[in-house]
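1. here's my sequence, what's the structure:
(chains A and B)
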Amino acid sequence: MKQEHHIDKLVEETMNSLDGLSRAKANPFLFTRVEARLRQGSKSAWDQAVAFISRPVVALAMLCLVILSNAVAMWQSGSDEVVTDQAQLALSEEYNMSVTAFYQEETPEP
Amino acid sequence: MNDWILINRLKEGDQTAFKEIVETWQDMVYNTAIGIVQQPEDAEDVAQEVFVQVFQSIEGFKGNSKFSTWLYRITISKAMDHERRKKRKKRFALIKSLFGEDNDQVIDIPDFNHPGVLFERKEKAAILFRAMKELPDNQRIAFVLNKVEGLSYQEICEVMETSLSAVESLLHRAKTNLRKLLKDQFKDE
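-> Got it, this is the predicted structure:
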């Protein structure tokens, strides 16, 4: 009981420890430092862009966008019509993919 | 009235007016900042950021509130941003140390001694400041404005843009939480 009373007293003394507090004084050269900061000027556009991109929210949003665009692309390619044999043939002829062995191409004509 | 003359001069680009503004309000800004960030170097940094912001956005000050109220709002916003950045850095350093990437220890900052506290109360004030760090942001801001800056409940309402009953409730909860935190701490000792 006595211990409890002692703790309560300590708590109240601590709670009242800021009574009569006077203001902390700022550095007398604060204005010079503020001026120096202002003279440094604003950040370049490149710095601002880097700072913006490196923000966790932006990075996470970009990651989600990439994943989402991949998912959409995969979903769309899955639903595309099956490429017909004729179309495949035309494509392989166009790109000369019908050659099965490279020596056939290089064999000189008699 | 005097404030308005200074503000208008600054809006017209008068550099000496800006110097007068800094010199007039620097202690108020610094004292509020130090009450929140609890480190002299950090508080100086915050004070510099506040005045840079004042210089850059003075055109946006329309006089709907007192200039000091506007300054308090900027100071609180900058100080809380500073606190969040510090917490993020601390968390990141802790994760890095867990993965052994960085052998630097996460340094615990020693207790803060406010320079304006009476000598015989310094020890207890340091304990109170440590406990204040545990308070939710709004309670902590209201408590600092009331106890460190000596603002009345009405002035706190204006700074925090809230009602009188909300401020009364915030301060009541802040004091209850602090008493509980202190009691637990003294019991453990």
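
2. next, the buried residues of the strand or helix carrying residue B:92.
-> For residue B:92, the host element (DSSP states H and E) is helix B:67-98. Of the residues in helix B:67-98, those with enough neighbours to count as buried (16 or more other CB atoms under 10 Å in any protein chain shown) are B:67-76, B:78-80, B:82-83, B:93. Bear in mind the C-beta positions are built from the backbone N, C-alpha and C, glycine included.

3. tell me how far residue A:17 lies from residue B:28.
-> Taking CB to CB, to the nearest Å as the measure, residue A:17 falls 22 Å from residue B:28.

4. give me phi/psi at residue A:27?
-> As for residue A:27, its main-chain torsions (degrees, to the nearest 10) stand at phi -60, psi 130.

5. and it, what's its pLDDT?
-> The pLDDT attached to residue A:27 in the predicted structure is 94.

6. likewise for the one 3 residues further on?
-> As summarised for this prediction, residue A:30 has a pLDDT of 96.

7. and the closest residue to it other than its chain neighbours, what element?
-> Ranked by CB to CB, 6 or more residues apart in numbering or on different chains and with sequence neighbours excluded, the top spatial neighbour of residue A:30 is residue B:26, at 5.0 Å. Assessed by DSSP H and E, residue B:26 sits inside helix B:15-37.

8. residues in contact with the closest residue to residue B:69 other than its chain neighbours?
-> Closest residue in space to residue B:69, ignoring its immediate chain neighbours: residue B:158 at 5.0 Å, by CB to CB, 6+ apart. Residue B:158 is in contact with B:65-66, B:69, counting by CB atoms under 8 Å, 6 or more residues apart in numbering or on different chains.

9. where's residue B:158 relative to chain A, distance?
-> If you measure residue B:158 against chain A using CB to the nearest CB, to the nearest Å, the figure is 19 Å.

10. what kind of secondary structure is that residue in?
-> helix (DSSP: H, G, I helix; E, B strand; the rest coil).

11. pLDDT score assigned to it?
-> On pLDDT, residue B:158 comes in at 96.

12. swap in the one 3 residues further on?
-> Note on residue B:161: pLDDT of 95.

13. ok, residue B:103 next?
-> pLDDT, the model's per-residue confidence, is 54 for residue B:103.

14. enumerate every residue touching the nearest residue to residue B:73 once chain neighbours are set aside.
-> Once flanking residues are discounted, residue B:73 sits nearest to residue B:159: 6.1 Å by CB to CB, 6+ apart. Contacts were defined as CB under 8 Å, 6+ apart; by that measure residue B:159 touches B:69, B:72-73, B:76, B:145, B:151.

15. circling back: what mean pLDDT does the helix holding residue B:26 get?
-> 95.

16. just checking, what packs against the helix or strand following that helix?
-> Per DSSP H and E, the first helix or strand lying C-terminal to helix B:15-37 is helix B:40-57. In terms of contacts (3 or more CB pairs under 8 Å, 6 or more residues apart in numbering or on different chains; DSSP states H and E), helix B:40-57 is packed against helix A:30-40, helix B:15-37, helix B:67-98.

17. how about the residues of chain A by chain B?
-> Within chain A, the positions near chain B by CB under 8 Å from any CB of the partner chain are A:7-8, A:10-11, A:13-15, A:17-27, A:30-31, A:33-34, A:37-38.

18. what segments of chain A are strands?
-> Per DSSP state E, chain A has no strands. Nothing in it meets that criterion.

19. between the longest helix anywhere in chain A and helix B:67-98, how big is the angle?
-> Of all the elements of type helix in chain A, the one with the most residues (DSSP state H) is helix A:56-79. Per axes from the mean of the first three to the mean of the last three CA atoms, to 10 degrees, the angle that helix A:56-79 makes with helix B:67-98 is 60 degrees.

20. low-confidence ranges in chain B?
-> Where chain B drops to pLDDT under 70, the residues are B:1, B:101-109.

21. okay, residue A:17 and residue B:28: which has more neighbours?
-> Neighbours of residue A:17 and residue B:28, each counted by other CB atoms under 10 Å in any protein chain shown, are more numerous for residue A:17; the result is 23 against 17.
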